[in-house]
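Colleague: my questions are about this predicted structure, shown below with the sequence.
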Amino acid sequence: MNRILLFLLLLSACLSACTKSTNVKAVVAAQAVKDKALIVNYLSSHGLPQQHVDTSDVYYVIDTVGAGNDLYTSSTSVTLGYTARQLTANETLGPVFAQTDKFHPSYVLGAVLRGWQLGIPQCKKGGTITLFLPSRYAYGPFPQPGYNLPANAVLVFVITVYNITN
């Protein structure tokens, strides 16, 4: 008798756990709407153009044009200088959480944040670009305690492209 009761208890626990599903696509879509509204409102209130990369919600502003006709691929190595800040919920830029000072690291384009992969090719060698990355093109729903960033942080990067190597 005890075995039957234990079995029924375990079965009911398993079945009740199965009903607690989250529609991941709906959660991601809702966050995308919030992120886009935050970015568009910030750009509008600061009189900045609302250029975005093709079908993504990665917005950018070319600060310095640069020169050249370099081809970007996922294996392209880029040498960059950057400053990173969070765009807060009240449409202000938070403090700098990461930056390069005197040292300018090189990255393989295919190994960086998805927002960088989409945004950096909009800039030419010697140019400077400001990228506005929705959370899904940065760290997504994962907080970054090392940078003091919450989950779903919208990020703003000011990036200078020093060199491009294929």
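Modeller: Perfect, I can see it now.

Colleague: and G81, how far is that from N163?
Modeller: 11 Å (CB to CB, to the nearest Å). Every residue, glycine included, has its C-beta placed from N, CA and C.

Colleague: who's more crowded, those two?
Modeller: Neighbours per residue (other CB atoms under 10 Å) separate G81 from N163, with G81 holding more: 17 against 13.

Colleague: could you measure from R136 over to K34?
Modeller: 11 Å.

Colleague: now name the helix or strand holding Y139.
Modeller: Using DSSP states H and E, Y139 falls within no helix or strand.

Colleague: show me where the chain has strands.
Modeller: Along the chain, counting by DSSP state E, strands occupy 51-52, 59-64, 77-87, 93-99, 106-108, 128-133, 154-165.

Colleague: as JSON lines, those strands with distance to F142 and mean pLDDT would be great.
Modeller: Converted to JSON lines, those look like this (distance: least, CB to CB, whole Å; pLDDT from 0 to 100):
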{"stretch": "strand 51-52", "distance to F142": "23", "mean pLDDT": "92"}
{"stretch": "strand 59-64", "distance to F142": "22", "mean pLDDT": "96"}
{"stretch": "strand 77-87", "distance to F142": "14", "mean pLDDT": "97"}
{"stretch": "strand 93-99", "distance to F142": "15", "mean pLDDT": "96"}
{"stretch": "strand 106-108", "distance to F142": "20", "mean pLDDT": "96"}
{"stretch": "strand 128-133", "distance to F142": "14", "mean pLDDT": "97"}
{"stretch": "strand 154-165", "distance to F142": "13", "mean pLDDT": "97"}
